[in-house]
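*Asks:* Structure for this input, please:
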Amino acid sequence: MAAEIKPATGTNDKFNSTKKPILLSKLEGCNDDVNAAIIIPGEDGVISICDDRRGATEGCSGNVSRVGTEGCSGNVSRLEQKDVPATLVVVEWKKVLATTVRVWLKRDSGQYWPSICHYMPAGATALYYCVETRHLFVGIEVGGISEFVLAPDFNRMTHVRTYPAHQARVTDVLFALNCEWVLSVGRDKMFQFHCSETGRRLGDYISEAWCTAVQYP
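*Replies:* Here you go, the predicted model:
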């Protein structure tokens with residue numbers, strides 16, 4: 001169902017405008033939720049973290065008996081001409097949730113296509129990109145923060161280190177370039193800051209409830 005954006009009703013001309021947002025581009029290719037997305041400053045590019053449900057084989061599903069082949073091939077009838085011991089293999093297709101970090105670049109056709117698709121070990125929940133150093137920080141569900149550096153052509157990303165920052169989901173992450181600090185908050189009620197040069201934790205603060213956002217000049 002499409003939603004129409006309408007101007008707010010009121011007497012204040014500041015908010016009573018007839019202007020509407022214009023859709024410039026649409027990025028397609030994610031099968032599930034997009035958890036965060038940022039525009040790459042100075043480039044026709046976007047960085048996103050997405051949940052992707054994909055099929056994966058975990059075991060087998062089908063009865064296999066007296067077969068002369070190895071592996072799983074669905075339901076296989078009995079082969080009487082070979083005296084092979086009966087084997088039961090189970091194949092089961094499941095949809096597993098994989099989180100990806102994608103870098104989208106605008107092509108000559110005007111469409112955005114991924115130049116990088118990197119799979120994370122756990123769900124990605126926070127994202128920050130430093131344009132000056134091309135460093136990318138990704139907070140994950142289990143509390144870690146992964147640091148990457150992007151190639152100048154944005155076709156490759158290299159893992160730098162992982163900060164064991166939190167004991168629960170990372171809700172926001174920020175990199176302060178002027179002091180080389182990685183600041184983060186999470187659902188463990190903790191505010192943490194680390195040195196990006198050494199990876200060492202510099203300090204923390206315990207709040208009374210979940211921390212949801214962080215900002216630093």
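*Asks:* From T99, how far out is the residue nearest to the spatial centre of the chain?
*Replies:* Against the mean C-alpha coordinate of the chain, by Cα atoms, centre = their mean, the closest residue is I49 at 2.9 Å. I49 sits 6 Å away from T99, going by Cβ to Cβ, to the nearest Å. The way it works is simple: take the backbone N, C-alpha and C, and place the C-beta from them, glycine included.
*Asks:* Need the overlap of contacts for the two.
*Replies:* Common neighbours of I49 and T99 are listed as 35, 120, 124 (criterion: Cβ atoms under 8 Å, 6 or more residues apart in numbering).
*Asks:* Need the worst-confidence member of the residues you listed.
*Replies:* On pLDDT alone, N35 ranks lowest of those, at 90.
*Asks:* Quick one: residues contacting it.
*Replies:* By Cβ under 8 Å, 6+ apart, the residues touching N35 are 49-51, 99, 123-125, 127.
*Asks:* In helices, which of those appear?
*Replies:* Using DSSP state H, the subset of the contacts of N35 located in helices is empty.
*Asks:* Closest one to R169 out of those residues, please.
*Replies:* T125 (5.3 Å; Cβ to Cβ).
*Asks:* For the closest one, give its distance to F137.
*Replies:* Distance of T125 to F137, computed by Cβ to Cβ: 12 Å.
*Asks:* mind listing what the residue nearest to the centre of the chain touches?
*Replies:* 34-37, 99-102, 120, 124-125, 127, 138.
*Asks:* beta partners for the closest residue to it other than its chain neighbours?
*Replies:* Nearest residue to I49 in three dimensions, chain neighbours excluded: A124, at 3.8 Å (Cβ to Cβ, 6 or more residues apart in numbering). Per DSSP bridges, the residues bridged to A124 are I140.
*Asks:* so where is the chain shaky, pLDDT-wise?
*Replies:* Along the chain, segments meeting pLDDT under 70 span 1-17, 53-97.
*Asks:* Other residues contacting stretch 156-170?
*Replies:* 101, 103, 116, 118, 125-126, 135-136, 139-151, 182, 184-188, 190, 192, 194, 199, 201.
*Asks:* In PyMOL, how would I select the buried members of those?
*Replies:* To isolate in PyMOL the members of those that are buried, counting by 16 or more other Cβ atoms under 10 Å, one can use:
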select buried, resi 101+103+116+118+125+126+135+136+139+140+141+143+144+145+146+147+148+150+182+184+185+186+187+188+190+192+194
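*Asks:* Thanks a lot, see you next time.
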